[in-house]
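Visitor: Give me the fold of what follows.
(one chain, ligands or ions: 1)
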Amino acid sequence: MKMSSQLPIALKSYRWILIATPIILLIMVGGYLIWKSPPTQISSPFYVAPTPSKTENLAPFGRSPDWSKLDRFQNTISKETFLNRLEVIYTKDSSWKKWIIIDEGENRAIIGNYQLVFSHQDNPAPGSLFNWKTRADLSADRALPLEDLVIAIDPGHIGGDFAAIEEREHNHDDITIREGTMTLKTAFILKPLLEKLGASAILVRSKLEPVTKNRAQDFSDPKLFYRTSEIRARANLINQTIKPDFVICLHFNGTASKNRTQDQHFHIILNGTYTKDELAHEDER
Ligand SMILES: [Zn+2]
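Guide: Below you'll find the model as predicted:
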């Protein structure tokens, strides 16, 4: 295969695991680039309001969101459109009803301590909270289709000396596989390919080191280091510094199995379909 002939020598030694399909998570922060208009029907127009939760519920190391940023959306969206998007795009079951109350009498949504007043009919949206490019902003130049698009490449995990503690190191015969090392090698291959298409591609990490300044010894549970603290540090770097239109998170299925397992596949994650736990956390919701 042409692609494998371009791989560095070190990566070739891992070719047996490359036989298994890598999982490449494309977290399309600018998901609306391909988003289609949702259907206008809603499934359940009548809601019984439960008691709203007053206490703040945050994920580990989460910061309290500034809900006032939503103020400019006051009186812009109708209840029907709000519910349609909530049920069709943003949630997958009725668990949102525990956190978001529809106040029929006052024509508003009560979300924790925040209230969003609905308009009687949809008004033009005041624009996204983020400055992402839309599909219309993409270049028409077929040779440079990604021109001016900022893409963050996040090589998943840490690799190197951290591979063991993050449980992404597997030994098989005389070969050691470190997922975080493989993702970084892949990122170095991917970056010039995207740049050739006109994109500005920025690596979230370019070493076999964490982005967070914390280390495992700072926490009672090492997961709080390599998962929680590290992922939050990467999210901050992406959202506050890189500010990309698009994020590509690279992962391989880091199992010790030589054979392809059923759950190895390519998938794309779009913003939406929040789980019960994500809805419960104010900073993730
Ligand atoms: Zn992974």
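
Visitor: what's around the residue of the stretch 101-250 of the chain found nearest the ion, how many residues?
Guide: Using C-beta to the ion, the single residue of the stretch 101-250 of the chain nearest to the ion is residue 156, 4.5 Å away. (Glycine included, C-beta is placed from N, CA and C.) Look at residue 156: counted by other C-beta atoms under 10 Å, it has 25 neighbours.

Visitor: what does the one 10 residues further on give?
Guide: For residue 166, the neighbour count with other C-beta under 10 Å is 22.

Visitor: show me where the stretch 51-200 of the chain has strands.
Guide: 100-103, 108-111, 114-117, 150-155, 169-172, 175-178, 200-203 (DSSP state E, counting those that start in this stretch).

Visitor: of these, which approaches residue 248 most closely?
Guide: strand 150-155 (5.1 Å; C-beta to C-beta).

Visitor: partner strands of the closest one, parallel or antiparallel?
Guide: strand 200-203 (parallel), strand 246-250 (parallel) (DSSP bridges).

Visitor: Tell me the secondary structure at residue 221.
Guide: coil (DSSP: H, G, I helix; E, B strand; the rest coil).

Visitor: pLDDT score assigned to it?
Guide: At residue 221, the model reports a pLDDT of 94.

Visitor: what's the spacing between it and residue 234?
Guide: 19 Å (C-beta to C-beta, to the nearest Å).

Visitor: Repeat that for residue 127.
Guide: Applying C-beta to C-beta to residue 127 and residue 234 gives a distance of 27 Å.

Visitor: Between these two, point out the one with more neighbours.
Guide: residue 234 (22 against 9).

Visitor: any idea of the mean pLDDT in stretch 140-158?
Guide: Here the average pLDDT along stretch 140-158 is 95.

Visitor: so how far is that stretch off the chain centroid?
Guide: 16 Å (C-alpha atoms, centre = their mean, to the nearest Å).

Visitor: just stretch 274-282 next, same as before
Guide: 14 Å.

Visitor: Outside of it itself, list whatever touches it.
Guide: For stretch 274-282, the surrounding residues in contact (C-beta atoms under 8 Å, 6 or more residues apart in numbering) are 56-59, 62, 64-65, 90-93, 95-96, 98-99, 112, 284-285.

Visitor: do stretch 221-241 as well
Guide: By C-beta under 8 Å, 6+ apart, stretch 221-241 touches 29, 60-61, 152, 154, 157-158, 162, 165-166, 204-205, 210-216, 218-219, 244, 247.

Visitor: Can I get it as PDB, trimmed to CA atoms?
Guide: Output of stretch 221-241 as PDB, limited to C-alpha atoms (Å, rounded to 0.1, in the frame of the first residue of the first chain):
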ATOM      1  CA  ASP A 221      -6.100   8.200  41.500                       C
ATOM      2  CA  PRO A 222      -3.700   8.300  38.400                       C
ATOM      3  CA  LYS A 223      -6.800   8.600  36.100                       C
ATOM      4  CA  LEU A 224      -7.300  12.100  37.400                       C
ATOM      5  CA  PHE A 225      -3.800  12.900  35.900                       C
ATOM      6  CA  TYR A 226      -3.700  11.200  32.500                       C
ATOM      7  CA  ARG A 227      -7.400  11.400  31.800                       C
ATOM      8  CA  THR A 228      -9.200  14.200  33.600                       C
ATOM      9  CA  SER A 229      -6.400  16.800  34.100                       C
ATOM     10  CA  GLU A 230      -4.800  16.000  30.800                       C
ATOM     11  CA  ILE A 231      -8.000  16.200  28.700                       C
ATOM     12  CA  ARG A 232      -9.000  19.400  30.400                       C
ATOM     13  CA  ALA A 233      -5.500  20.900  29.700                       C
ATOM     14  CA  ARG A 234      -5.900  19.900  26.000                       C
ATOM     15  CA  ALA A 235      -9.400  21.300  25.800                       C
ATOM     16  CA  ASN A 236      -8.200  24.600  27.300                       C
ATOM     17  CA  LEU A 237      -5.300  24.800  24.800                       C
ATOM     18  CA  ILE A 238      -7.600  24.100  21.900                       C
ATOM     19  CA  ASN A 239     -10.400  26.400  23.000                       C
ATOM     20  CA  GLN A 240      -8.400  29.300  24.300                       C
ATOM     21  CA  THR A 241      -5.200  29.300  22.300                       C
END
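
Visitor: Show me which positions of that stretch end up buried.
Guide: Buried residues in stretch 221-241, counted by 16 or more other C-beta atoms under 10 Å: 223-226, 228-230, 232-234, 237-238.

Visitor: Buried ones among the contacts of stretch 274-282?
Guide: 57, 59, 65, 90-91, 95-96, 99, 112, 285.
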